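Engineer: Sequence plus predicted model, see below.
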Amino acid sequence: SFSHNPSSLWRPGKALKDFFKKIIEDFSLSATSFNSFINCPKQFFYDQLIRVPKAKDFNQSYGTAVHRALENLFLIQIRDGQLPTQKQFIQFFLDALDDEILTEAEMIRAKKNGSEILAQYYDFYLNDFLKKGPPLSCEYNFSSHHVFFDNVPITGKIDKIEEDEMDKLTMEIAKGELHS
């Protein structure tokens, strides 16, 4: 007769236990993986631990292109000491968007909306960007600093580090902001 006790249906063998042990040993926590765990531990398991492949959806592709446009804006400002123009900023976005896999309709929508929103963003923050000057750093990789949380290495990049008017450092991290 069939037993309804779940533990009698399946027990992980040594190979599976060793597989997960190796995953956990090599695991490091990034802002993305932390947020994934907070939002949905089951999705975290699939996305961050066993890394089930999946295609990006529209919002992820759009967000990646916006992020790359901002990254290029600030990296060039750091390199040249001068902020790229609004037209160049929007072109950074359009170029990044071309690297994404979207349907024709999604691409048209993303280019139209993104160009409009980034133009507004640029205009709104232009005086701030010019007043503050280039950030101290952009896409700063802190993995080499060996930061740990409960024996789990913390990895990732800080999107932008800048000095504010009170000589405090402001760091923007991928899923939010940290002010120190």
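Structural biologist: That came in fine, so what should we check first?

Engineer: going forward, measure contacts between C-alpha atoms and count neighbours the same way
Structural biologist: Will do.

Engineer: Looks to me like R11 is in a helix.
Structural biologist: No: the assignment for R11, made by DSSP: H, G, I helix; E, B strand; the rest coil, is coil rather than a helix.

Engineer: And it, how far from D18?
Structural biologist: Distance from R11 to D18, counting by C-alpha to C-alpha, to the nearest Å: 14 Å.

Engineer: quick one: common contacting residues for the two?
Structural biologist: The contact sets of R11 and D18 do not overlap (C-alpha atoms under 8 Å, 6 or more residues apart in numbering).

Engineer: Surely F34 is in a helix?
Structural biologist: Yes: assessed by three-state DSSP, F34 belongs to a helix.

Engineer: What distance do you get for it to R109?
Structural biologist: Using C-alpha to C-alpha, F34 is found at 31 Å from R109.

Engineer: And the longest helix seen in the chain, what does it pack against?
Structural biologist: When the chain is parsed with DSSP state H, its longest helix is helix 104-132. Here helix 104-132 touches helix 58-80, helix 86-98, going by 3 or more C-alpha pairs under 8 Å, 6 or more residues apart in numbering; DSSP states H and E.

Engineer: Centre of the chain to the host helix or strand of Y140, how far?
Structural biologist: Element membership of Y140 [criterion: DSSP states H and E] is strand 137-141. Here strand 137-141 is found 12 Å from its chain centre; the criterion is C-alpha atoms, centre = their mean, to the nearest Å.

Engineer: what's the angle from it to helix 58-80?
Structural biologist: Relative orientation of strand 137-141 and helix 58-80, computed by axes from the mean of the first three to the mean of the last three C-alpha atoms, to 10 degrees: 120 degrees.

Engineer: in strand 137-141, what counts as buried?
Structural biologist: Within strand 137-141, the residues scored as buried using 16 or more other C-alpha atoms under 10 Å are 137-139.

Engineer: contacting residues around it?
Structural biologist: For strand 137-141, contacts defined as C-alpha under 8 Å, 6+ apart pick out 71, 74-75, 78, 155-162.
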